[in-house]
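Chemist: Need coordinates for the below:
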Amino acid sequence: MKRIAMRSCAALSAVLLISISSAAYAHIRVESDDASKGAESAKLAFRVPTESDTASTESVTIKLPKGTPFAYVSPEVKQGWKVALSTTKLEKPAKVGEFTLTKAVTSVTWTAKDSGIPPNQFDEFSLAVGPLPNADSVSFVAVQKYSDGEVVTWDQIQKGDKEPEHPAPTLTLSPATNEGHGHSEEATASESSDDTAKWLSGGALAVALAALVVALRQNRRRA
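Modeler: Residues are numbered from 1 along each chain as shown. I've put the predicted structure just below:
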């Protein structure tokens, strides 16, 4: 009886772990290793799971924020998928970094050439974008189309602790770096080393001049 109970607990634990894992990866999410506030560029990776047991994901559309458009958008080449970019004229010119935009890429769509993303599996789709806004986060809208005709739109902004049923992929931007602005620690250390070298050189020259003056005085006395 004890062994049976232990086996039952182990099986239940496995089921719970699978459920938790499935829930964690059950939404379209966006991640980045180099996205910071005001960065010139960053690579964004959208993780897209197929939540159906029978249908495959045959297309994915990522709608980019119109309020903070990107000056450039470049999708990564992905085998087995064709990609299309949609460009829209902006209602009014937008200042983005050093650029003034009158139009911008507002959506990117990947369409499977073959079977797409199989049931209960996932894939990733990457974009290189920039410059990034000087904001705490950036939210996107994702539209996922299944082979059985179902369409799921991920556009709900989370408010509070409870996650909505179809949350919008949201990327938290890290604090701005000092790259390209001011002096880095390495540059500061280099400048400090240069100042020290100049000080030492000046000191050595002063000592040499003093020694020369003393030598001249001694020679005059001997003469």
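Chemist: Which positions in stretch 66-76 come out as buried?
Modeler: 68, 69, 70, 71, 73, 74, 75 (16 or more other Cβ atoms under 10 Å). Every residue, glycine included, has its C-beta placed from N, CA and C.
Chemist: tell me the SS of residue 111?
Modeler: strand (DSSP: H, G, I helix; E, B strand; the rest coil).
Chemist: any idea how far the closest residue to it other than its chain neighbours is from residue 110?
Modeler: Among residues not flanking residue 111 along the chain, residue 59 sits closest, at 4.5 Å (Cβ to Cβ, 6 or more residues apart in numbering). For residue 59, the distance to residue 110 equals 7 Å [Cβ to Cβ, to the nearest Å].
Chemist: hang on, the earlier thing: who are the contact partners of the residue nearest to residue 111?
Modeler: When contacts are counted by Cβ atoms under 8 Å, 6 or more residues apart in numbering, residue 59 is found next to 109, 110, 111, 112, 116, 144, 145.
Chemist: okay if I get these as TSV plus distance to residue 63 and neighbour count?
Modeler: Listed next are the contacts of residue 59 as TSV, based on distance: Cβ to Cβ, whole Å; neighbours: other Cβ atoms under 10 Å:
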residue	distance to residue 63	neighbour count
109	10	18
110	13	23
111	15	14
112	19	19
116	19	23
144	12	21
145	14	19
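Chemist: Just the closest of the residues you listed to residue 124, please.
Modeler: Among the contacts of residue 59, residue 110 lies closest to residue 124 (Cβ to Cβ), at 10.6 Å.
Chemist: so that closest one makes contact with residue 57?
Modeler: No: with contact defined as Cβ atoms under 8 Å, residue 110 does not reach residue 57; the gap is 9.6 Å.
Chemist: quick revisit: now the contacts of residue 59 in JSON lines, please, with extra columns for pLDDT and distance to residue 44.
Modeler: Below are the contacts of residue 59 laid out as JSON lines (pLDDT from 0 to 100; distance: Cβ to Cβ, whole Å):
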{"residue": "109", "pLDDT": "98", "distance to residue 44": "15"}
{"residue": "110", "pLDDT": "98", "distance to residue 44": "13"}
{"residue": "111", "pLDDT": "98", "distance to residue 44": "19"}
{"residue": "112", "pLDDT": "98", "distance to residue 44": "20"}
{"residue": "116", "pLDDT": "97", "distance to residue 44": "21"}
{"residue": "144", "pLDDT": "98", "distance to residue 44": "17"}
{"residue": "145", "pLDDT": "98", "distance to residue 44": "20"}
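Chemist: In the chain, what residue spans correspond to strands?
Modeler: 29-31, 42-49, 57-63, 72-75, 81-96, 99-112, 122-130, 137-139, 141-146, 151-154, 170-172 (DSSP state E).
Chemist: And for residue 89, nearest residue in space, chain neighbours not counted?
Modeler: Per Cβ to Cβ, 6+ apart, closest to residue 89 is residue 103, 4.7 Å.
Chemist: for the one you found, what are its contacts?
Modeler: 87, 88, 89, 90.
Chemist: one step back: which residues does the residue nearest to residue 111 bridge with?
Modeler: residue 111, residue 145 (DSSP bridges).
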